[in-house]
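Trainee: Structure for this input, please:
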Amino acid sequence: MIRLSLSRSSGSSALQRLQRTQPWIRNFSAASVEKDAPKGIAYSEITVGVPKETFPLEKRVAATPETVSKLVQPGFNVLIEKDAGIASHFKNEDYEAAGAKLVDSADLWKNSDIVMKIRPPNTEEAAALEDRTIISHIWPAQNKDLVKQLQDQKASVFAMDCIPRTLSRGQTYDVLSSQANISGYRAVIEASNQYGRFFAGQMTAAGKVPPTKVLVVGTGVAGLAAIQTAKNMGAIVRAFDVRPVTKEQVEAMGGHFLEVDFKEDGSGAGGYAKAMSEEWHAAAAQMLSKQCEDVDIIITTALIPGRPAPLMITKDMIAKMKAGSVTVDLAAETGGNIETTVKDEAIVTDNGTYLNVFLLLAYCIQYVLNLFTYYITCTSLSLNS
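Mentor: Model prediction:
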């Protein structure tokens, strides 16, 4: 096969010269060289709006001055709600210098063709969107009323949490993995801050100090990040997951994979976990109960898409832990993996166990936003493709 390639500037005259000298291309249509005029709306006619997040304790914002400049460069008009980036340490002047226009909330929702957010819009925000476009986390299985409202309004919705992460093309827009990676890392840092001992073992003149034992429940992106961080700090790390396929990944991170004496595969669609049988849960509870007596720190990350987080650690198991032990429940927002979890609070149980349940992403805000805003900006720029 012969592929004819002409530069854009050559036009039909170059084709005509070739047709006169090369008979074999006389029937080559000029339409094959001259592309049709581009269809759609020019970037310069599109306004992208970034509102201030209103969810309690949320410090993130859907655009940084750096990503604003990436939107402005091809021609987008960008609106930023005043003080939207203050909690993320971005000043209003930084956004203006990047090319954005500062407006109040009402003007932003009224004049934006595309709205970029971190958290799903509330009822009032969704109503203000009308029939325009939003790019955000939506969590449709947990927010059915919101989805129905947006559908009735004929809004266009790009749910960042629904992009298939296992597809190569989808990884360019994978906000979930980037945020989970940071949460897992920060969970270990927060646990070590609350725990009153070294992670690594020590040999001193006063005697031997044993290393801290860390149990990670759920070995997805967040869990693997926690395993790696705890191992790098010198801890003995054990991990558990319903998906046997993750055993190799855990061991590659230096952890020891715990197995249940009951054969059942928890691997679900898209690499996620699925709900398990009552018999499996009984066997898992017996194994985890023994681990709670021995470990010093427990970090849980287990989630099932569209469903409440599975309960993995009960009150009775927590009661068996040593005084001063620490648990961090990263699944707290969807119900928690630990029965004693109190969402967004740190408490002390009767046996002195600390329970850290923070919005951990707030503690690595700059790195969090560098990743999140990159992915959501890539999504906006790809809408024309």
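
Trainee: What ranges in the chain fall below the confidence cut-off?
Mentor: For the chain, the stretches with pLDDT under 70 are 1-39, 165-173, 264-275, 356-375, 380-385.

Trainee: Remind me which helix or strand residue 355 belongs to.
Mentor: Following DSSP states H and E, one finds residue 355 within strand 354-356.

Trainee: wait, I meant residue 80
Mentor: With secondary structure defined by DSSP H and E, residue 80 is part of strand 77-81.

Trainee: Provide the strand pairings for that strand, with the direction of each partner.
Mentor: Paired neighbours of strand 77-81 in the sheet (DSSP bridges): strand 47-50 (parallel), strand 101-103 (parallel).

Trainee: of those, which approaches residue 333 most closely?
Mentor: strand 47-50 (22.6 Å; C-beta to C-beta). To be clear about C-beta, it is placed using only N, CA and C from the backbone, and glycine gets the same treatment.

Trainee: Return the set of buried residues in the closest one.
Mentor: Buried residues in strand 47-50, counting neighbours by 16 or more other C-beta atoms under 10 Å, are found at 47-50.

Trainee: what would those residues look like in JSON lines with distance to residue 287?
Mentor: Conversion of the buried residues of strand 47-50 to JSON lines gives the following (distance: C-beta to C-beta, whole Å):
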{"residue": "47", "distance to residue 287": "55"}
{"residue": "48", "distance to residue 287": "50"}
{"residue": "49", "distance to residue 287": "50"}
{"residue": "50", "distance to residue 287": "46"}
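
Trainee: of all these, which comes closest to residue 217?
Mentor: The nearest member of those to residue 217, counting by C-beta to C-beta, is residue 50 at 35.7 Å.

Trainee: contacting residues for the closest one?
Mentor: Residues in contact with residue 50 (C-beta atoms under 8 Å, 6 or more residues apart in numbering) are 61-63, 68, 78-81, 84, 100, 108, 115-117.

Trainee: Mind doing that once more with 7 Å?
Mentor: By C-beta atoms under 7 Å, 6 or more residues apart in numbering, the contact set of residue 50 is 61-63, 80-81, 84, 116.

Trainee: Which residue, neighbours along the chain excluded, lies closest to it?
Mentor: Counting by C-beta to C-beta, 6 or more residues apart in numbering, residue 63 is the residue found nearest to residue 50 once chain neighbours are left out, at 4.4 Å.

Trainee: so where do the helices sit in this protein?
Mentor: Assigned by DSSP state H, the chain shows helices spanning 11-21, 65-72, 92-98, 105-111, 123-129, 144-152, 175-194, 221-232, 247-252, 278-294, 315-319, 365-381.

Trainee: Pick the most buried one from those helices.
Mentor: Highest mean neighbour count among the helices of the chain (mean count of other C-beta atoms under 10 Å): helix 221-232, with a mean of 25.

Trainee: one step back: now for the strands paired with strand 77-81, which one comes closest to residue 376?
Mentor: Closest of the strands paired with strand 77-81 to residue 376 is strand 47-50, at 9.4 Å (criterion: C-beta to C-beta).

Trainee: can you redo the helices of the chain as JSON lines with distance to residue 350?
Mentor: Converted to JSON lines, the helices of the chain look like this (distance: least, C-beta to C-beta, whole Å):
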{"stretch": "helix 11-21", "distance to residue 350": "82"}
{"stretch": "helix 65-72", "distance to residue 350": "47"}
{"stretch": "helix 92-98", "distance to residue 350": "48"}
{"stretch": "helix 105-111", "distance to residue 350": "45"}
{"stretch": "helix 123-129", "distance to residue 350": "40"}
{"stretch": "helix 144-152", "distance to residue 350": "38"}
{"stretch": "helix 175-194", "distance to residue 350": "17"}
{"stretch": "helix 221-232", "distance to residue 350": "26"}
{"stretch": "helix 247-252", "distance to residue 350": "32"}
{"stretch": "helix 278-294", "distance to residue 350": "15"}
{"stretch": "helix 315-319", "distance to residue 350": "7"}
{"stretch": "helix 365-381", "distance to residue 350": "34"}
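
Trainee: Between those, which one is closest to residue 353.
Mentor: Across the helices of the chain, residue 353 has its closest neighbour in helix 315-319 (5.8 Å, C-beta to C-beta).

Trainee: wait, residue 376 sits on residue 62?
Mentor: Yes: contact criterion C-beta atoms under 7 Å: residue 376 and residue 62 qualify, at 5.8 Å.

Trainee: list residues touching both of the two?
Mentor: In contact with both residue 376 and residue 62: residue 116, using C-beta under 7 Å, 6+ apart.

Trainee: if we can go back for a sec, wait, the residue nearest to residue 50 touches residue 115, no?
Mentor: No: applying C-beta under 7 Å as the test, residue 63 and residue 115 come out as separate, 10.9 Å apart.

Trainee: who's more crowded, the two?
Mentor: Using other C-beta atoms under 10 Å as the criterion, residue 63 and residue 115 rank with residue 63 on top: 30 against 24.

Trainee: Now do the contacts for residue 287.
Mentor: Residues near residue 287 by C-beta under 7 Å, 6+ apart: 258, 260.
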